[in-house]
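[1] Curious how this folds, go ahead:
(3 chains)
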Amino acid sequence: MPPLLRVEHLHKTYGHGDIFRDVSFTLDSGETIGLFGMSGSGKSTLGRCLLLLERPSGGKVFFEGTEISKIRGRRLEAIRPRMQMIFQHPEVSLNPRMRLIESVTEPLVYHRGQEREEVFEELQPLIAAVGLRPDQFYSYPNQLSGGEIQRAMMVKIYSLSPKLIVADEPTSMLDMSVQAQVLSLMKDLQRKNDTAVVFISHDPEVMQAMCDRVGVLAEGAFTLMDMSAFSGYAEGLRQ
Amino acid sequence: MKILEVAGLNVTFPTRRGMIRASQNVSFSVDTGEVCVLVGETGSGKSVIGQAILHLLPRTAIVSGSIRYGGQEILSMSEAAYAHLRGREIALIPQNPSGSLDPLMRCGRQIAEVLECREVPRERLSGETGRILSYLNFPDPELTAASYPHELSGGMRQRLTTGIALASEPRLLVADEPTKGLDYAARNASIAMFRTLKEKRHDSILMITHDLELARLIGDTVGVLYSGELVEFGPAAEVFEDPGHPYTKGLIAALPKNGMKPMPGTCPGLSRLPKGCYFRDRCPHPCTEGEDSHPAMLDGSGRWVRCRRFSV
Amino acid sequence: MSEVGSARKLRRWRASVLESDWYSRLMQRPGLQVVLALLATVILASAFAPMLAPQDPNATDLYGKNQGPSAAHILGTDYLGRDLFSRVICGLQTSMTIALTTIAATFVIGTAIGGYSGYRGGWVDNVVARVIDVFLAFPSIILALALITLLGSGIVNMILMLAVAQWASFARLMRGQVLSEKNQEYVLSARASGLPGWWILTKHIMPNCIMPVVVLATMDLGHTILTISTLSFLGLGIPPSIPEWGSMINAGLDSMRTAPLNVIVPGIAITIVTLLFNLAGEGLRDITDPKSDGEGSL
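    Numbering: from 1, shown residues only, chains lettered A, B, ... in the order given. Purely as a prediction, here's the structure:
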């Protein structure tokens, strides 16, 4: 059985320099790999390239055994639901002019051609699982806290039953106690759904709590580490 | 000597949806040369306290209580009188460094500008600027001084605004969320800078933050805010080693290195505060007797905890 | 049976309006309600203008030209002895119809081109951006004059040519808005969900970008009325017999000392209508923006 995600020698250049080069790793269902780096290290760009929200300059990405690096159009739209992303800034992750219920049901409304109310009914168990109440979905994003928005995002993402989730610093804008709630919820959902997660962050302690392995990006160079090697690396950073 | 004494500070905002009680009966003090850190999450009302001290509250705010700076009552001071203090004796290190820096002026010049206002003579300007930059933990202070703000990283910009605040030789520094939005490396550099300020200059600093680690590493005294009021206050070492209030305990347990244990529920909104203890719905050992009465701060010889179950 | 059905539909429509956000925000803004009520009155009046005019706006009376207000003529007469009051009222219809049509055409062309170009990006956007720059470099009146000379005068041609001359500023604004919105995280999220480009453009990007362009459109209304009047004055638009505020101002300039009302009254009329549209445009932008509900941050 091929790994869910295989990345081979991925690289991206921008103008005069490399954002990242020679990135290679594999990921299986249920596993979590971290992408660690300081701000500007290119980890967000790498995350987007994995989902083809940005095009890499070279290298290959294999998803579920098929090479996806060059596909476009309808074929790409068809596999998109299986690879999702959670973003860093809750206040702009959802369309500010749409109520949560519209944003959250939109993907299924499009892909399945169902009515919004129908989809919302189907999502009730998921809404309960993330700890939100149905009436909260009639609000606009600006009326909710960061933690509540990230939970709503998870309803939207998991409604598509993704196999892979790229989490781009999902809690760096949240308070400590909210971070703990959101991350433990993510872990819970991941376990129940056997999802593979690429977790992007600049916080070594969060990495150690969430990941099985870590890829470190520094000055464009990518190094895969296991958790003990990573904690040594993180100690070194503290100087 | 106490450089800052806040007593019974109440700040309320009247809005269309009701009264928002951002600050309720907040009392604490900062000694000269001491670093006092107020820790609070979103919705705790922490920003209001800094704004009240700096006379930056919106005009619609209803304020009562007392803030004494160096023995002088400043809360009810007139704008004209306060203008002599703000930026000179009481300096703010603001939250969003990019917004506070002039993009067209070199960094060293932005510090020198403040020195000129203090009438430091021309010959001594670069020397003084260099001295201030040396506290800020820059790897190459001369290069930094010659650069423009956009050429610096986020963390370096944050430290530069600290330098600008220091240039006015203030007696009290108010730091508003100094590590917000900074990545791991930048945060460490900021912490190192504050340590330098503590040890080499003995600045009196009031820090307002959500960053618990920052409080633990830098604070001499720590105050924990919840839903607009102080629920714990005391020496940093004691509060972190043996927290008194269940919210403080929960916050510490929620840190990733402590196992990232989540607390259930969310804090009550400042416009819909419940009767009795605000933390009751989330407390692992909620009170049953006297449910309607609001717990007062219990004094445990230098430590204050707003919890009926607290004993020294 | 059908009566019950349509009554129920009416009730449901009424309920959806009363519960909608823009309605509740509108109810919180009494000033805006006044503005919109006045604007509705103006638009209604423009539809029924000829019936409201007390006299025939084209009835000339060369012996009674440039007279001041009197019992026969409430606001006096113009240089051909025509009743000023009637001409102003009929002019409302003329000016409003032409200006609104022009702005609507300009708006549609400008936002479509600017919006698509901004979203598409790449070489298409580069080319369109340069085309917009070229159009913006020409003063719109000269461009319109040149085009009308080529294609002949007449109301329809004038509207089309004005749209051609003015679409560029709408396109530029729309393109700028789209360029910044398309990189927002909610758009990326929509792409990641596998939603197609046309869906994202129409449901996410357009609604979030269009309001500044609407405000620009309302502010352009006064400018458009004056441009139309200049063209009419030069004989390249509306025949002088049809009452139109702009051309009334131009015609009355010669006799301004003796009959100032011929200039002042149409001028005030243009000002009032333009002001109402401006205020309505800004108010519309406010009530469709969820962020204007906020309590303020703490």
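[2] how about residue A:73, what does it touch?
    The contact partners of residue A:73, by CB atoms under 8 Å, 6 or more residues apart in numbering or on different chains, come to none. Quick note: C-beta positions are derived from backbone N, CA and C, even for glycine.
[3] Please tell me how far it sits from chain B.
    Distance from residue A:73 to chain B, counting by CB to the nearest CB, to the nearest Å: 37 Å.
[4] before we move on, which element is the residue in the stretch 51-200 of chain C that chain A sits nearest to in?
    Proximity of the stretch 51-200 of chain C to chain A (CB to the nearest CB) peaks at residue C:194, 3.3 Å away. For residue C:194, there is no host helix or strand (DSSP states H and E).
[5] Could you pull up the residues touching it?
    Going by CB under 8 Å, 6+ apart, residue C:194 touches A:76, A:77, A:78, A:79, A:80, A:81, A:107, A:110, A:111.
[6] any idea which element the closest residue to residue C:244 other than its chain neighbours lies in?
    Excluding its sequence neighbours, the residue lying closest to residue C:244 (CB to CB, 6 or more residues apart in numbering or on different chains) is residue C:94, at 4.5 Å. Counting by DSSP H and E, the element that carries residue C:94 is helix C:84-120.
[7] can you map out the helices along the stretch 151-298 of chain C?
    Assigned by DSSP state H, counting those that start in this stretch, the helices in the stretch 151-298 of chain C fall at C:155-181, C:185-192, C:197-200, C:206-233, C:245-252, C:261-287.
[8] Centre of the chain to the helix or strand bottoming out on mean pLDDT in chain A, how far?
    Every helix and strand of chain A was ranked by mean pLDDT, DSSP states H and E. The lowest is helix A:73-79, at a mean of 87. Centroid separation for helix A:73-79 versus its chain: 19 Å, with CA atoms, centre = their mean, to the nearest Å.
[9] Then stretch B:143-161?
    Centroid displacement of stretch B:143-161 relative to its chain, using CA atoms, centre = their mean, is 22 Å.
[10] residues of that stretch that come out buried?
    B:144-145, B:147, B:149, B:152-153, B:155-161 (16 or more other CB atoms under 10 Å in any protein chain shown).
[11] Equivalent analysis for stretch B:88-104, please.
    Within stretch B:88-104, the residues scored as buried using 16+ other CB under 10 Å are B:90, B:91, B:92, B:93, B:94, B:95, B:97, B:100, B:101.
[12] The fifth one against residue B:178, yeah?
    No - with contacts counted by CB atoms under 8 Å, residue B:94 stays clear of residue B:178, the gap being 9.4 Å.
[13] Chain neighbours aside, what residue packs nearest to residue C:214?
    Closest residue to residue C:214 apart from its sequence neighbours, by CB to CB, 6+ apart: residue C:281 at 5.7 Å.
[14] Name all residues that make contact with that neighbour.
    By CB under 8 Å, 6+ apart, residue C:281 lies in contact with C:214, C:215, C:217, C:218, C:219.
[15] need those residues in TSV with neighbour count and pLDDT, can you?
    As requested, the contacts of residue C:281 are exported to TSV (neighbours: other CB atoms under 10 Å in any protein chain shown; pLDDT from 0 to 100):
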residue	neighbour count	pLDDT
C:214	18	87
C:215	19	84
C:217	22	88
C:218	21	83
C:219	14	78
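[16] and of those residues, the nearest to residue B:305?
    Lowest distance from residue B:305 to those (CB to CB) belongs to residue C:215, with 54.3 Å.
[17] residues in contact with the closest one?
    By CB under 8 Å, 6+ apart, the contact list for residue C:215 reads C:278, C:281, C:282, C:285.
[18] The helices of the stretch 151-298 of chain C into TSV, with extra columns for distance to residue C:20?
    Listed next are those as TSV, based on distance: least, CB to CB, whole Å:
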stretch	distance to residue C:20
helix C:155-181	23
helix C:185-192	22
helix C:197-200	23
helix C:206-233	15
helix C:245-252	36
helix C:261-287	10
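[19] Out of those, which is closest to residue C:39?
    Nearest to residue C:39, of all those, is helix C:261-287, at 4.8 Å by CB to CB.
[20] Now do the SS call for residue B:145.
    With DSSP: H, G, I helix; E, B strand; the rest coil as the basis, residue B:145 sits in helix.
[21] Excluding chain neighbours, what is closest to it?
    Leaving aside its chain neighbours, residue B:145 sits nearest to residue B:108 (2.9 Å; criterion: CB to CB, 6+ apart).
[22] Same check on residue C:176?
    In space, residue C:176 is closest to residue C:118, 7.4 Å off (CB to CB, 6+ apart).
[23] correct me, but residue A:10 touches residue A:54?
    No - counting by CB under 8 Å, residue A:10 does not reach residue A:54; the two are 11.3 Å apart.
[24] need the residues of chain A near chain C, please.
    Counting by CB under 8 Å from any CB of the partner chain, the residues of chain A close to chain C are A:48, A:51, A:53, A:76-81, A:83-85, A:87-89, A:92-97, A:103, A:106-107, A:110-111, A:140-143, A:153, A:156, A:160.
[25] show me the contacts for residue A:174.
    A:90, A:146, A:147, A:150, A:182 are the contacts of residue A:174 under CB under 8 Å, 6+ apart.
[26] about what we covered before: the residue nearest to residue C:244 and residue C:219, how far apart?
    Counting by CB to CB, to the nearest Å, the gap between residue C:94 and residue C:219 amounts to 21 Å.
[27] what does residue B:269 give?
    According to CB to CB, residue B:269 and residue C:219 sit 40 Å apart.
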